[in-house]
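I need the structure of the sequence given here:
(one chain, ligands or ions: 1)
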Amino acid sequence: MRLALSLICTFVLCGCPQAPDQRSLAEAVADLQQQALQDETAWRLLESLTSEVGPRMAGSVADARAVAWAVEKMNDLGFDRVWLEPVDFPLWVRDSESGRVLSPEGFELDLTALGGTPGTGGTLRGDVVHFESLASLEAAEPGSLGGKIAFISAAMRRDQGAAGYSETVPQRSRGPFVAARKGASALLIRSIGTDTRNSAPHAGNVSSLEPGESLPAAALSNASADRLVELLQGEGPVAVELELDVGYRGRASSHNVIGEFTGASGSGEFVLIGGHLDSWDLGSGAHDDGAGVAITLAAAKLVADQAPRPARGIRVVLFANEEQGVHGGKAYAAAHANELSLHVLGSESDLGAGRIYEFRTRVNEAAEPDIAELAELLAPLGIPHGTDALASGGADIGEMRKIGLPVIDLRHDASQYFDLHHTRNDTLDTVDPADLKFNVAAYVTLLQWAASSDTSFGPIEPSE
Ligand SMILES: [Zn+2]
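Predicted structure coming up:
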């Protein structure tokens with residue numbers, strides 16, 4: 001680390017004794033990791049957020065409560081500056097939802113409406129047409145579904161990264177628009193999730209980029225989807241009834257909540273970390289993304305509590321309305337594009353509370369020796385440098401990466417995450433407190449390394 005070296009040289013030149021707190025980076029990180037593995041701050045924050053605020057869908061009363069909660073917690077943790085930045089977006093509301101198979105036998109479907117879709121305006125009935133993938137629905141003739149209810153039954157595969165999710169999620173994000181073009185009256189999809197035991201449907205939004213109109217659409221739990229597939233393998237028509245009282249109701253606003261610990265150098269540079277404050281309404285958003293909120297707040301606090309502090313500051317942003325279109329991330333990037341150079345590195349925690357198993361990078365070539373140093377610092381936690389893909393920065397901080405912010409992803413093990421993600425089962429009891437501490441240990445490592453460095457990790461090529 002060049003800065004540590006230059007400080008030592010300065011002491012030698014002026015004849016001053018070496019400051020007693022002039023520890024090596026490796027010693028400081030080892031100390032922080034030990035503290036993090038004992039530290040209860042992240043758990044206490046997560047417990048408070050999930051129990052005192054609960055589900056916090058963007059634009060709801062609970063969302064405003066979450067913003068007030070975050071300001072209070074940042075002040076309690078001793079952040080030097082805490083402020084709000086407004087974020088506006090269309091308000092989407094879920095008032096009620098139900099659906100059932102009417103024939104050849106009657107049963108209730110476990111379903112939840114897809115975010116961003118319109119309601120059925122009362123009861124909608126129709127025969128179901130089965131497609132095994134989004135591609136097969138896309139291959140149907142435009143207008144050919146004639147008011148029938150399309151059903152896409154492709155199942156998501158489980159994996160440690162989130163590749164299975166990325167592969168299957170267009171069924172949800174694009175499906176309602178494709179089904180509308182084919183003349184369907186509504187769309188049912190198999191949930192984009194791996195839960196097969198709890199019959200919990202997975203919520204989630206449609207794409208804001210797909211052209212055209214969407215239609216009433218809902219995700220079925222894996223169990224309901226299996227039962228529907230079975231019926232559709234029979235001879236006769238399968239009739240379904242849906243009542244989805246959901247849709248857009250004007251506009252709403254919320255806030256990005258921002259807290260900063262200033263750095264010791266006075267340069268104004270800082271490392272950007274965070275997660276998103278909003279959640280879906282079905283669970284209490286413990287994994288998505290209460291965990292990211294708690295981990296990054298707790299890690300920033302541990303690093304800033306050292307004396308002396310690292311040269312660079314730490315900024316934690318708790319983003320508004322990620323779930324319905326990354327509105328907070330986009331607003332932050334628009335508001336801060338002109339101070340990109342003060343942001344030395346970005347990293348978002350938004351893949352649940354599973355243990356971080358590797359890190360990915362997207363930095364300039366000149367910073368590669370520093371990345372080797374980070375790998376050494378993370379080695380005691382068993383977190384190697386994953387080189388299969390470049391880092392994204394996460395959904396929100398990824399908006400800054402698109403304009404050139406270098407990013408590092410600490411990748412959470414997501415092999416159990418999509419059992420819970422966006423479902424009523426995303427609750428505190430499914431989070432392992434030891435995993436949360438482990439993840440704070442990974443984040444303090446990243447923060448101490450980047451904040452005590454004088455390396456420029458960027459610029460990187462702006463990219464989509
Ligand atoms: Zn999330």
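
Who are the packing partners of the host helix or strand of Arg411?
Per DSSP states H and E, Arg411 falls inside strand 407-412. Packing contacts for strand 407-412, counted by 3 or more CB pairs under 8 Å, 6 or more residues apart in numbering; DSSP states H and E, involve strand 343-348, strand 356-362, helix 398-401, helix 433-451. Any C-beta I mention is one placed from the backbone N, CA and C, and that applies to glycine too.

Adding distance to Gly121, mean pLDDT and mean neighbour count, write the ones you listed out as JSON lines.
What follows is the helices and strands packed on strand 407-412, written out as JSON lines (distance: least, CB to CB, whole Å; pLDDT from 0 to 100; neighbours: other CB atoms under 10 Å):
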{"stretch": "strand 343-348", "distance to Gly121": "38", "mean pLDDT": "98", "mean neighbour count": "26"}
{"stretch": "strand 356-362", "distance to Gly121": "45", "mean pLDDT": "98", "mean neighbour count": "21"}
{"stretch": "helix 398-401", "distance to Gly121": "35", "mean pLDDT": "98", "mean neighbour count": "23"}
{"stretch": "helix 433-451", "distance to Gly121": "44", "mean pLDDT": "98", "mean neighbour count": "24"}
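
of these, which approaches the ion most closely?
strand 343-348 (9.1 Å; CB to the ion).

tilt between that closest one and helix 433-451?
170 degrees (axes from the mean of the first three to the mean of the last three CA atoms, to 10 degrees).

any bit of strand 343-348 sitting next to the ion?
No. Applying CB under 5 Å from the ion, one finds strand 343-348 out of contact with the ion, separated by at least 9.1 Å.

mind listing the strands for the stretch 1-150 of the chain?
With DSSP state E, counting those that start in this stretch as the criterion, the stretch 1-150 of the chain has strands at 81-103, 107-108, 111-113, 124-131, 149-152.

out of the ones you listed, nearest to Ala353?
strand 111-113 (22.3 Å; CB to CB).

With just CA atoms, put stretch 247-257 into PDB.
Output of stretch 247-257 as PDB, limited to C-alpha atoms (Å, rounded to 0.1, in the frame of the first residue of the first chain):
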ATOM      1  CA  GLY A 247     -52.200  -1.200 -10.700                       C
ATOM      2  CA  TYR A 248     -50.700   2.200 -11.000                       C
ATOM      3  CA  ARG A 249     -52.400   5.000  -8.900                       C
ATOM      4  CA  GLY A 250     -50.600   8.200  -9.800                       C
ATOM      5  CA  ARG A 251     -47.100   9.100  -8.600                       C
ATOM      6  CA  ALA A 252     -45.300   8.900  -5.300                       C
ATOM      7  CA  SER A 253     -42.000  10.000  -3.900                       C
ATOM      8  CA  SER A 254     -39.400   8.600  -1.500                       C
ATOM      9  CA  HIS A 255     -35.800   9.300  -0.700                       C
ATOM     10  CA  ASN A 256     -32.300   7.900  -1.000                       C
ATOM     11  CA  VAL A 257     -30.900   8.000   2.500                       C
END
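
any idea of the mean pLDDT for that stretch?
For stretch 247-257, mean pLDDT is 98.

for it, which positions count as buried?
247, 252-257 (16 or more other CB atoms under 10 Å).

ok, now stretch 115-123?
115-120.

what does the stretch 51-200 of the chain put close to the ion?
Within the stretch 51-200 of the chain, no position is near the ion by CB under 5 Å from the ion.

Phi, psi for the closest residue to the ion within the stretch 51-200 of the chain please.
Distances between the stretch 51-200 of the chain and the ion by CB to the ion are smallest at Ala162, namely 10.7 Å. Here the main-chain torsion angles of Ala162 (degrees, to the nearest 10) amount to phi -120, psi 30.

Distance check, it against Thr361.
18 Å (CB to CB, to the nearest Å).

Then Asn338?
Distance of Asn338 to Thr361, given as CB to CB: 25 Å.

Over to Thr455?
13 Å.

So which residues of the stretch 51-200 of the chain form helices?
61-77, 134-138, 163-168, 170-173, 175-181 (DSSP state H, counting those that start in this stretch).

deepest of the ones you listed, which one?
helix 175-181 (a mean of 25; mean count of other CB atoms under 10 Å).

ok, and what's touching that helix?
Outside helix 175-181, the residues within contact range by CB atoms under 8 Å, 6 or more residues apart in numbering are 114, 117, 134, 137-138, 142-143, 145, 150, 152, 186-187, 189, 206-207, 210-215, 217.

Stretch 421-430 now?
46-47, 50-51, 191, 193, 195, 198, 200-204, 279-280, 282-288, 290, 352, 419-420.

which of the residues in the strand holding Arg411 are buried?
407-412.

Including distance to Ala300 and pLDDT, could those go into TSV?
Shown next, in TSV, are these (distance: CB to CB, whole Å; pLDDT from 0 to 100):
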residue	distance to Ala300	pLDDT
Val407	17	98
Ile408	15	98
Asp409	17	98
Leu410	14	98
Arg411	20	98
His412	18	98
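
which one of those is nearest Asp110?
Minimum distance to Asp110 across the buried residues of strand 407-412 is 26.9 Å, recorded for His412 (CB to CB).

How much space separates that closest one from Ser214?
31 Å.

How about Leu137?
14 Å.

Model confidence for the spatially most central residue of the chain, exactly?
Residue closest to the average C-alpha location in the chain (CA atoms, centre = their mean): Asp350, at 3.2 Å. pLDDT for Asp350: 98.

Wait, it touches Gly285, no?
No. When contacts are counted by CB atoms under 8 Å, Asp350 is not listed as touching Gly285 (11.2 Å).

for Ser133, what are its contacts?
Here Ser133 is in contact with 152, 154, 171 (CB under 8 Å, 6+ apart).

which one among the residues you listed gets closest to Ala298?
Nearest member of the contacts of Ser133 to Ala298, counting by CB to CB, is Gln171, at 35.8 Å.

pLDDT value on Cys14, please?
With respect to pLDDT, Cys14 has a value of 40.

neighbours of Leu342, just the number please.
15 (other CB atoms under 10 Å).

Surely it touches Ser265?
No. Here Leu342 does not reach Ser265: they are 11.9 Å apart, not a contact under CB under 8 Å.
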